[in-house]
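Enquirer: return atomic coordinates for the entry below.
(chains A and B)
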Amino acid sequence: MAHTNINDPLLQEITGPTPGQMLRRRILGHQGLLIGAVVMAILLIVAIFAPLLAPHDPYAQSLMHRMEPPVFLGGTWDHPLGTDHLGRDYLSRLIYGARVSLMIGTIAALISGVIGTAMGVAAGYFGGRVDMVVTFLINVRLAMPVVLVALAVVAIMGGSLQVVIAVLGLLLWDRFAVVMRASTLQVRRREYVAAAQAIGASTPRVILSEMMPNIANNLIVVVTLEMAHAILLEAALSFLGLGVQPPTPSWGLMVSEGKNMMLFEPWLVLIPGAVLFLLVLAINLMGDGLRDVTAPENRS
Amino acid sequence: MKTSWLKTSIASLALLVASGAAVAEKASDTLRVAFTKELENVDSYFNSSREGVVLQRAVWDGLIYRDPITNEYKGNLATSWEWIDDITLEFKLREGVTFHNGEPFNADDVVYTVNFVAKEENGVKTQRNVNWMKSAEKIDDYTVRILLKEKFPAAIEFLSGPVSMYPNEYYAEVGPSGMGLKPVGTGPYKVVSVVPGQHFVLEKNENYHDSPKGNPEITNIDIRTIPDVNTQMAELFSGSLDLIWQVPTDQAEKLATMDQFTAMNESTMRVGYLAFDAAGRSGDTPLTDVRVRRAINHAINREELVGALLKGKSKVISTPCFPSQFGCVEEAAVSYDYDPDKARALLAEAGYPDGFEIEFYAYRDREYAEAIMSYLNAVGIKTDFKYLQYSALRELNMKGEVPLSFQTWGSYSINDASAMVSQFFKHGSLDTARDDQVLADLNIADSATDPDIRVEHYTAAIKRITNEAYWAPMFSYNTNYVFTKEVAYTPTADEVLRFATMSWN
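Expert: Down below sits the predicted model:
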């Protein structure tokens, strides 16, 4: 192969496209995935470069300029999305709020992913007692209403960014565990696993380098779902006053703070609500798309 | 999260539709009012909320009444009174008054009520209101004497405010919890039904005596607790409420522009302040250092708070009491101008050049609390914000676990500095300063009969409190009353809804 030119049209006709090319083609042909990815990428860039992009300090209060309308409702370009109830620039708070949302989504999904994957894979791989214990734990966890438990814990511990991340991370591992357990069970008896075991590979090696690559596509989907879930839960908790505490800009908190003026200044609620909707939609589109393009049944 | 406000709007839409038939309650002579906070117990001695004061003034009467406009004391359940000596007050009672349950009012009721509430172990919520009385004794059926523990010149003011008269036989039988469920008084309105914390229905007392409160005109008052201001306004729009009060200024300003509503603003005696744990009860926080407390005083832009947030008839306050109160000498207070640089310098001098982090508690007006927080953040003080229910924060405060909090006090509309300064600076459980010098001055000021001596010692106490910056007094509140054009009402400057003076247009 080293000497052949893979771009040779004749050769391509004989061998067909490489797996990489096929993947690229599937990705580019998937509209949902592309839209989701573009929106996510934009929000990610906004979050990372928040200090450069925000026109004002998101914490700078100016009571003399409270609740100025956004530019499309007759405001000025000085505050393109208007100002909030304390005269803080709405656009800047929105931009910094993206950081909070994405950070909570990512870290919470990471924590719950590590916990859930470890449990699920262990249950699927070892079976027997381990499986029983893990299944029991999953059932216990599924029996608890997430929002209620999160509310109770945050109410006791006091709301803050760290507490919210920890609570969500420790609560949202159930889907990881369920999915990873099922996936592991599927590949557990495959020939390549048996082969690896036969040549004397250690258990961690079998799991990490033989099984994980083959079940990772499921993991990716669950990660995106849980990320969206965590972001919505943070917004809900903050809306109820138990999540991120002011003055930290959080979209849920912005909706909550705008709520009082909802009858007269609905944009105070609509703007952060819309952005939140957009982010969650983008994450879900991306998750769906990734599942479609990476699922083994679509590879052929 | 979206579902939450979605639900509210759907609910209000549904109400809009459903209430089409219920418009114009003038026809059924029922005034529908909303309370924002849940009232724990209607028994006025066992709640400390403004809603409680409103019901207390409607359902019960005191011996004396202070005209809210002229500030003149008039006889209500008493027809006359005189000081027998420095600690004995004698009252001639009004004859022919009956309680809502038919029990006649006489000296026994006064004796029973005073003896009950004055006893500390009976647990009246705001001890300041009653703990100056020792006991009462009956001279004859319509003559009674109230004995004071010590000299207390503000007695008349307290007797015309929070001290109302309860029916002895009924109260002895049902106690505070029974009184909370089926209140019985002599007032202009009798209570028809109570759903604790939620719904109160009052009916005009047809046999109301010739009281300075005036005779009630509107037959029924229907009060519901609606915690969300938007829902209150939606119901006002839809015609299922006639009057809302304590409306946030932003919303009131918008409502005022609408033809079908009257929006009125009145000042109140409520003062908003920051309380510092200067005594260090919550641990050795930076707030035990006077320089830090002064720094915080300098960090807050009171003019901006009043001008842009509170608006209306609010004023900048630098005293730990409301300036109209007797003894609340404004000149005595050390006032701190807005100077963030000075605040930072003071913090640096105290050893906190980079500021510090501290828990910041509040229980109402989240918006004001956030604005205050922002001033603190601006000089480097990081705040860990805790927003609690009033009763929860009060509890924590009594245990001395609150380093810094945004508090307000309405003095029960008592026009005497003792209702505020002495409530918080006489080493009670809510005293965050515990200053002996202040205590000594207040002891003299509270009990002296010579007004000049009182003023002199309140002045000294106020000077000391503000110089040591035990508090950061900030502003006085105003209240917005919004009601439909069908309602005729002139609010008074004391944050009390007076149903007896309301009528239909």
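Enquirer: going forward, measure contacts between C-alpha atoms and count neighbours the same way
Expert: OK.
Enquirer: for the residue in chain A that chain B sits nearest to, grab phi and psi.
Expert: Chain B sits closest to residue A:236 of chain A, with a gap of 4.4 Å, by CA to the nearest CA. For residue A:236, the backbone dihedrals (degrees, to the nearest 10) come out as phi -60, psi -50.
Enquirer: count of neighbours near it?
Expert: Residues near residue A:236, counting by other CA atoms under 10 Å in any protein chain shown, number 24.
Enquirer: residue A:280 versus that one, what's the distance?
Expert: 13 Å (CA to CA, to the nearest Å).
Enquirer: joint contacts of these two?
Expert: Here residue A:236 and residue A:280 share no contacting residue, scored by CA atoms under 8 Å, 6 or more residues apart in numbering or on different chains.
Enquirer: can you get me a residue count around residue 28?
Expert: Because you didn't say which chain, this covers chain A. Residue A:28: 13 surrounding residues under other CA under 10 Å.
Enquirer: sorry, should have said chain B
Expert: Neighbours around residue B:28, by other CA under 10 Å: 11.
Enquirer: for residue A:42, same thing?
Expert: Neighbours around residue A:42, by other CA under 10 Å: 12.
Enquirer: please apply the same query to residue B:198.
Expert: Based on other CA under 10 Å, the number of other residues close to residue B:198 is 18.
Enquirer: part of a strand, is residue B:273?
Expert: Yes - under DSSP: H, G, I helix; E, B strand; the rest coil, residue B:273 falls within a strand.
Enquirer: could you say which helix or strand holds the spatially most central residue of chain A?
Expert: Ranked by distance to the mean C-alpha position of chain A (CA atoms, centre = their mean), the top residue is residue A:227 at 2.4 Å. Element membership for residue A:227, per DSSP states H and E: helix A:212-239.
Enquirer: check which residues of that helix are buried.
Expert: A:212, A:215, A:217-239 (16 or more other CA atoms under 10 Å in any protein chain shown).
Enquirer: quick one: pLDDT of residue 290?
Expert: No chain was given, so I picked chain A. On pLDDT, residue A:290 comes in at 84.
Enquirer: the chain in question should be chain B.
Expert: The confidence metric pLDDT takes the value 94 at residue B:290.
Enquirer: how many residues are close by the residue of the stretch 251-400 of chain B found nearest chain A?
Expert: Here the stretch 251-400 of chain B gets closest to chain A at one residue, residue B:308, 5.6 Å apart by CA to the nearest CA. By other CA under 10 Å, the residues close to residue B:308 number 18.
Enquirer: what separates it from residue A:61, distance-wise?
Expert: Following CA to CA, the distance that separates residue B:308 from residue A:61 is 12 Å.
Enquirer: what do you get for residue A:200?
Expert: Applying CA to CA to residue A:200 and residue A:61 gives a distance of 65 Å.
Enquirer: neighbour-wise, which of the two wins?
Expert: residue A:61 (21 against 11).
Enquirer: and the more buried one, backbone torsions?
Expert: Dihedral angles of residue A:61 (phi, psi; degrees, to the nearest 10) stand at phi -100, psi 140.
Enquirer: tell me who's in contact with residue 179.
Expert: As the question left the chain open, I've gone with chain A. A:120, A:218, A:219, A:222.
Enquirer: my question was about chain B, not that one.
Expert: So residue B:179 contacts B:42, B:43, B:171 (CA under 8 Å, 6+ apart).
Enquirer: so the first one belongs to a helix, correct?
Expert: This means residue B:42. No - assignment of residue B:42 by three-state DSSP gives coil, placing it outside any helix.
Enquirer: circling back: next, format the contacts of residue B:179 as CSV and append distance to residue B:412, neighbour count and pLDDT.
Expert: Converted to CSV, the contacts of residue B:179 look like this (distance: CA to CA, whole Å; neighbours: other CA atoms under 10 Å in any protein chain shown; pLDDT from 0 to 100):
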residue, distance to residue B:412, neighbour count, pLDDT
B:42, 15, 27, 92
B:43, 15, 26, 93
B:171, 23, 19, 94
